[in-house]
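**Q** structural data only, the sequence is not supplied:
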């Protein structure tokens, strides 16, 4: 059986949410010839995943050549777009499995799945695509897929770089390591606190919990807090996302708005406290790997009570951090 899986996502969160479906495909069809077509960033994640050694990983720019040179039993299209659908209609494929799109309604080779992103998490939507290959086989065997096995590998250079950064901090002195990320995609910036309020939140909790090390993660030309407390460290990530992956391994808890960082932390089964817009509670829920997930959810009109929400988000954080003390000192 020959199967191609196409997921042309660039955002870290979207790639992380897609990985369980790719994992299920590899586990359920170990003898199939599987090709994963994706973006450059998707390639990086897939090639450094622990379950993709027996599949072919290609850049999405190779799609046209790939379709001309191969016959496929199934083509899984995670993100249907007009130009891709037109290509697939002409390709030698037995069945294309995808979601509803205006241009695939009357094509016989397309198996169309109804979808509503307001009612089902994207992770579950993508798994439905894999189920559609053979529903009986999926339902009988999906319980054998242990999604906890998903792991992202980092290179020795990433490991050494983070080790050298952490060494002067003497992290062994701290009972827990807390990551605070204040930044999210611009599309979700309306559902985020002001940067200054994140700084004040960092300082407040660093003072309350001197036994915890707080690591503020930033990137690009973002301004960094200038607090001089011993238990605050600012980490500035460069262009290599695998440096951040290596650093995330040491975190006991991640506090963040809705963004790729927490999807990454979720795959690594980390404790997460998220400031969420109401729709991401459905689309991008965390806690998928039996890891604790706490979220503070706001609606469209939340800014009219901005200070109220800051106050209650802090209460939410404090409850979780207090529980961490109990875990550290049973």
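**A** On my side now, so go ahead. Remember, predicted model here, so these are calculated numbers, not experimental data.
**Q** could you say which helix or strand contains residue 75?
**A** Element membership for residue 75 (DSSP states H and E) is strand 72-77.
**Q** what is the mean pLDDT for that strand?
**A** On average, the pLDDT along strand 72-77 is 96.
**Q** that strand: how far from the chain's middle?
**A** 24 Å (CA atoms, centre = their mean, to the nearest Å).
**Q** what's that strand in contact with?
**A** Residues from elsewhere that reach strand 72-77 (CB atoms under 8 Å, 6 or more residues apart in numbering): 1-6, 25, 84-85, 88, 91-99, 129-130, 133. Every residue, glycine included, has its C-beta placed from N, CA and C.
**Q** and what of stretch 61-71?
**A** Stretch 61-71 is contacted from outside by 2, 4, 6, 35, 37, 58, 84, 87-88, 90-93, using CB under 8 Å, 6+ apart.
**Q** one more pass at 6 Å, please.
**A** With contact meaning CB atoms under 6 Å, 6 or more residues apart in numbering, stretch 61-71 is reached by 37, 91, 92.
**Q** who touches the last one in this structure?
**A** Read that as residue 92. residue 71.
**Q** any figure for the gap between it and residue 25?
**A** Residue 92 is 20 Å from residue 25, where distance means CB to CB, to the nearest Å.
**Q** go on, the first one?
**A** Counting by CB to CB, the gap from residue 37 to residue 25 is 13 Å.
**Q** ok, the second one next?
**A** Going from residue 91 to residue 25 by CB to CB gives 19 Å.
**Q** the more surrounded of these two?
**A** When residue 91 and residue 25 are compared for neighbours, residue 25 comes out ahead with 25 against 18, by other CB atoms under 10 Å.
**Q** phi and psi next, for the more buried one.
**A** Residue 25 has phi and psi values of phi -60, psi -40 when expressed as degrees, to the nearest 10.
**Q** check contacts around it.
**A** Counted by CB under 6 Å, 6+ apart, residue 25 has contacts residue 130.
**Q** then residue 233?
**A** 169, 215.
**Q** which of the three states applies to it?
**A** What DSSP: H, G, I helix; E, B strand; the rest coil gives for residue 233 is strand.
**Q** helices of the chain, residue ranges please.
**A** Secondary structure of the chain (DSSP state H): helices at 12-28, 40-47, 63-69, 82-90, 122-131, 135-141, 156-166, 195-208, 241-248, 260-267, 280-283, 306-328.
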